[in-house]
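here is my input, please return the structure:
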Amino acid sequence: MNQVRHDIHSAKVPKICIACEARHGGVCGALNPSELLRISDFTTIRTLPAGTSLIAQGEAPRFYSNILSGVVKLTKLLSDGRQQIVGLQFAPDFVGRPFEKSSTLSAETATDVSICQVRSGDFEKMLMEFPGLEIRLHQQSLRALDDAQEWLLTLGRRSAREKVAAFIMFIMEHAEPSTPPHVEHNIILPLTRAEMADMLGLTMETVSRQLTALSSDGVIERAKGRVVIVRNLQQLSYEVGH
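Numbers count the residues shown, from 1 in each chain. Sure thing, here's the model as predicted:
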């Protein structure tokens, strides 16, 4: 295992990959240096502002992306014209489903993001050539399924306060997975209050009230903008039911 890690950091790795902090946990972690060199010929690093469309619902994806930093939101356009946020993706998640003729969801940047982008046709060829990529994508799909099942519980069985607490915990766990439990967690909420309400099945006023209540009870502190400081992680975990 250590030898593989050493090889990936060797001089044979393309410069575009050496600087990638998401490489080892993402799909490219399945590739050896020579394979990374091959795929790097087809990739481009891009920095995009919030609100940028990556994939449009109903259209064939032209590009797939590996998230290096930032948050991407997945949305579903309903038949009555409303749009529902159905998930969030973080580094090092892979955005897009290879080989699908048209996307069932839209993917849009929720925050400023940095991505490693590759044309869909080029990546699909790489999948057939390097089986390890397909295994990594399968593993990510299983993690996404776990998140979706947990979110069904949040929407169906939790109170408004528990839903808001669960959302904060979800962001904290995905944005700062390695932060020790005794350290204060400063997180930036990637969604507006209106978007949080949409994702949680609440009204914006209810989301605001629950954030205020959690702050008054010392569980969190609302700082400037969308910054939230988790003051009492144990209590937040209790609110969620962990």
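
got the buried residues for stretch 164-175?
164, 165, 166, 167, 168, 169, 170, 171, 172, 174, 175 (16 or more other CB atoms under 10 Å). Glycine gets a C-beta too; all of them are placed from N, C-alpha and C.

ranges for the strands of the chain?
For the chain, the strands defined by DSSP state E cover 43-48, 53-55, 63-69, 71-77, 83-90, 94-95, 106-109, 113-119, 185-188, 220-222, 227-230.

any idea which of those gets closest to residue 134?
Of all these, it is strand 94-95 that lies closest to residue 134, at 11.4 Å by CB to CB.

let me see the contact set for the spatially closest residue to residue 241 that is not a sequence neighbour.
Leaving out its chain neighbours, the residue that sits closest to residue 241 by CB to CB, 6 or more residues apart in numbering is residue 162, at 6.8 Å. Contacts for residue 162 were tallied using CB atoms under 8 Å, 6 or more residues apart in numbering; they are 154, 239, 240, 241.

so which helix or strand of the chain has the lowest pLDDT on average?
Using mean pLDDT, DSSP states H and E, helix 2-8 stands out as the lowest-scoring helix or strand of the chain, at a mean of 39.

counting neighbours, what do you get for residue 69?
Around residue 69 there are 16 other residues, counting by other CB atoms under 10 Å.

hey, what's it bridged with?
Bridge pairing for residue 69 (DSSP bridges) gives the partners residue 114.

please look at it and residue 113 and confirm they touch.
Yes - counting by CB atoms under 8 Å, residue 113 is a contact partner of residue 69 at 6.4 Å.

for the protein, which segments are assigned as helices?
Along the chain, counting by DSSP state H, helices occupy 2-8, 15-18, 33-40, 120-129, 131-157, 160-175, 193-200, 204-216, 233-240.

quick check: angle from the fifth one to helix 233-240?
Note on geometry: by axes from the mean of the first three to the mean of the last three CA atoms, to 10 degrees, helix 131-157 and helix 233-240 are set 70 degrees apart in direction.

list the buried residues in helix 131-157.
Applying 16+ other CB under 10 Å to helix 131-157 flags 133, 136, 137, 140, 147, 151, 154 as buried.

the last one reaches residue 164, doesn't it?
Spelled out, it's residue 154. No - if you go by CB under 8 Å, residue 154 and residue 164 don't touch, sitting 9.9 Å apart.

any common contacting residues for these two?
Counting by CB under 8 Å, 6+ apart, the contacts common to residue 154 and residue 164 are residue 200.

measure the residue nearest to residue 241 to residue 59 for me?
Noted for residue 162: a distance of 37 Å to residue 59, by CB to CB, to the nearest Å.

same check, this time on residue 186
Residue 186 is 37 Å from residue 59, where distance means CB to CB.
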